[in-house]
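Asks: Any chance you could fold what I've pasted below:
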Amino acid sequence: MNKRIVTIIIALILFPSLCFARARLQDLTPASISVGATSTLVLAADSDDEREEVILVNDSNEAIYISVGTAAIMNKGIRLNAGGGSVTWNYPQVPTEAIYAICTSGTKNLTLTYGQ
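Replies: Just a heads-up that it's a prediction; the model follows:
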(Lines give C-alpha, C1' and ligand atoms only; values in the text may rest on other atoms or scores of the structure.)
Protein backbone atom coordinates (compact mmCIF):
# COMPACT_ATOMS: atom_id res chain seq x y z
CA MET A 1 0.00 0.00 0.00
CA ASN A 2 1.18 3.51 -0.72
CA LYS A 3 2.98 5.08 2.29
CA ARG A 4 0.98 8.28 1.93
CA ILE A 5 -2.34 6.45 2.16
CA VAL A 6 -1.15 4.49 5.20
CA THR A 7 -0.07 7.75 6.87
CA ILE A 8 -3.48 9.33 6.20
CA ILE A 9 -5.33 6.29 7.57
CA ILE A 10 -3.20 6.30 10.73
CA ALA A 11 -3.80 10.05 11.18
CA LEU A 12 -7.56 9.53 10.83
CA ILE A 13 -7.52 6.80 13.44
CA LEU A 14 -5.31 8.63 15.92
CA PHE A 15 -6.58 12.19 15.38
CA PRO A 16 -10.21 12.12 14.19
CA SER A 17 -10.80 15.63 15.52
CA LEU A 18 -8.55 16.99 12.75
CA CYS A 19 -11.03 15.74 10.18
CA PHE A 20 -14.03 17.32 11.87
CA ALA A 21 -12.54 20.57 13.24
CA ARG A 22 -13.83 22.66 10.36
CA ALA A 23 -17.39 21.36 10.77
CA ARG A 24 -17.33 22.09 14.50
CA LEU A 25 -16.20 25.67 13.94
CA GLN A 26 -19.22 26.25 11.73
CA ASP A 27 -21.49 25.19 14.61
CA LEU A 28 -20.23 27.93 16.95
CA THR A 29 -22.56 30.84 17.72
CA PRO A 30 -21.11 34.32 18.39
CA ALA A 31 -22.90 36.76 20.68
CA SER A 32 -22.31 39.94 22.65
CA ILE A 33 -23.57 40.46 26.20
CA SER A 34 -23.96 43.76 28.03
CA VAL A 35 -22.75 42.96 31.55
CA GLY A 36 -24.40 44.88 34.37
CA ALA A 37 -23.36 46.09 37.80
CA THR A 38 -25.59 43.31 39.13
CA SER A 39 -25.23 39.64 38.22
CA THR A 40 -26.07 39.19 34.52
CA LEU A 41 -27.00 35.89 32.87
CA VAL A 42 -24.47 35.22 30.10
CA LEU A 43 -25.48 31.72 29.05
CA ALA A 44 -28.43 29.67 30.31
CA ALA A 45 -27.94 26.19 31.74
CA ASP A 46 -27.53 23.43 29.16
CA SER A 47 -30.13 20.89 30.26
CA ASP A 48 -29.36 18.62 27.28
CA ASP A 49 -25.64 18.41 28.18
CA GLU A 50 -24.67 19.18 24.58
CA ARG A 51 -22.28 22.12 25.00
CA GLU A 52 -18.88 21.45 23.49
CA GLU A 53 -17.21 24.82 23.72
CA VAL A 54 -17.63 28.19 25.44
CA ILE A 55 -15.34 31.18 24.88
CA LEU A 56 -15.77 34.42 26.86
CA VAL A 57 -13.70 37.53 26.07
CA ASN A 58 -13.82 40.82 27.97
CA ASP A 59 -14.20 43.52 25.32
CA SER A 60 -14.41 46.41 27.77
CA ASN A 61 -12.21 48.79 29.75
CA GLU A 62 -12.77 47.23 33.18
CA ALA A 63 -12.53 43.79 34.78
CA ILE A 64 -15.48 41.43 34.51
CA TYR A 65 -16.04 38.58 36.98
CA ILE A 66 -17.53 35.24 35.88
CA SER A 67 -19.40 32.69 37.99
CA VAL A 68 -20.66 29.25 36.99
CA GLY A 69 -23.86 27.93 38.51
CA THR A 70 -24.50 30.84 40.90
CA ALA A 71 -24.90 34.61 40.66
CA ALA A 72 -21.69 36.52 39.94
CA ILE A 73 -20.15 38.58 42.76
CA MET A 74 -17.65 41.41 42.39
CA ASN A 75 -14.03 40.42 43.07
CA LYS A 76 -14.88 36.69 43.24
CA GLY A 77 -14.82 33.88 40.73
CA ILE A 78 -13.07 34.01 37.37
CA ARG A 79 -11.61 37.47 36.65
CA LEU A 80 -11.44 38.55 33.02
CA ASN A 81 -9.07 41.51 32.79
CA ALA A 82 -10.00 44.56 30.72
CA GLY A 83 -9.16 44.64 27.04
CA GLY A 84 -9.20 40.97 26.13
CA GLY A 85 -9.11 38.84 29.28
CA SER A 86 -10.64 35.51 28.34
CA VAL A 87 -11.61 32.02 29.39
CA THR A 88 -12.22 28.99 27.16
CA TRP A 89 -13.89 25.73 28.10
CA ASN A 90 -13.66 22.75 25.74
CA TYR A 91 -15.39 19.40 25.86
CA PRO A 92 -15.48 17.52 28.23
CA GLN A 93 -14.77 20.30 30.77
CA VAL A 94 -17.51 22.64 29.53
CA PRO A 95 -19.84 23.70 32.36
CA THR A 96 -23.50 22.79 31.85
CA GLU A 97 -24.65 25.16 34.58
CA ALA A 98 -25.73 28.73 33.84
CA ILE A 99 -22.88 31.25 33.47
CA TYR A 100 -23.14 34.73 35.00
CA ALA A 101 -21.03 37.91 34.88
CA ILE A 102 -20.75 41.19 36.78
CA CYS A 103 -18.68 44.40 36.53
CA THR A 104 -18.32 47.62 38.53
CA SER A 105 -20.05 50.23 36.38
CA GLY A 106 -22.37 48.14 34.20
CA THR A 107 -23.04 48.13 30.45
CA LYS A 108 -19.66 46.57 29.63
CA ASN A 109 -19.27 44.30 26.60
CA LEU A 110 -18.51 40.59 26.97
CA THR A 111 -18.19 38.57 23.78
CA LEU A 112 -19.43 35.01 23.87
CA THR A 113 -18.87 32.18 21.43
CA TYR A 114 -20.43 28.81 22.15
CA GLY A 115 -21.43 25.71 20.33
CA GLN A 116 -22.52 22.12 20.32
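
Asks: which residue is nearest the centroid of this structure?
Replies: residue 54 (1.8 Å; C-alpha atoms, centre = their mean).

Asks: Am I right that that one sits in a helix?
Replies: No - checked against DSSP: H, G, I helix; E, B strand; the rest coil, residue 54 lies outside a helix; its state is strand.

Asks: May I ask you to confirm that it is in contact with residue 93?
Replies: No - here residue 54 does not reach residue 93: they are 9.8 Å apart, not a contact under C-beta atoms under 8 Å. C-betas here are computed from N, CA, C, even on glycine.

Asks: Show me the strands in this structure, by range?
Replies: 28-35, 40-43, 53-58, 64-68, 78-80, 86-90, 99-103, 108-115 (DSSP state E).

Asks: Which of those sits closest to residue 4?
Replies: Within those, the stretch nearest residue 4 is strand 86-90; the backing value is 30.7 Å (C-beta to C-beta).

Asks: Which parts of that closest one count as buried, going by neighbours?
Replies: Judged by neighbour count (16 or more other C-beta atoms under 10 Å), strand 86-90 contains these buried residues: residue 89.

Asks: Just checking, which helix or strand of the protein averages the lowest pLDDT?
Replies: Here the helix or strand of the chain ranked lowest by mean pLDDT, DSSP states H and E is helix 16-26, holding a mean of 51.
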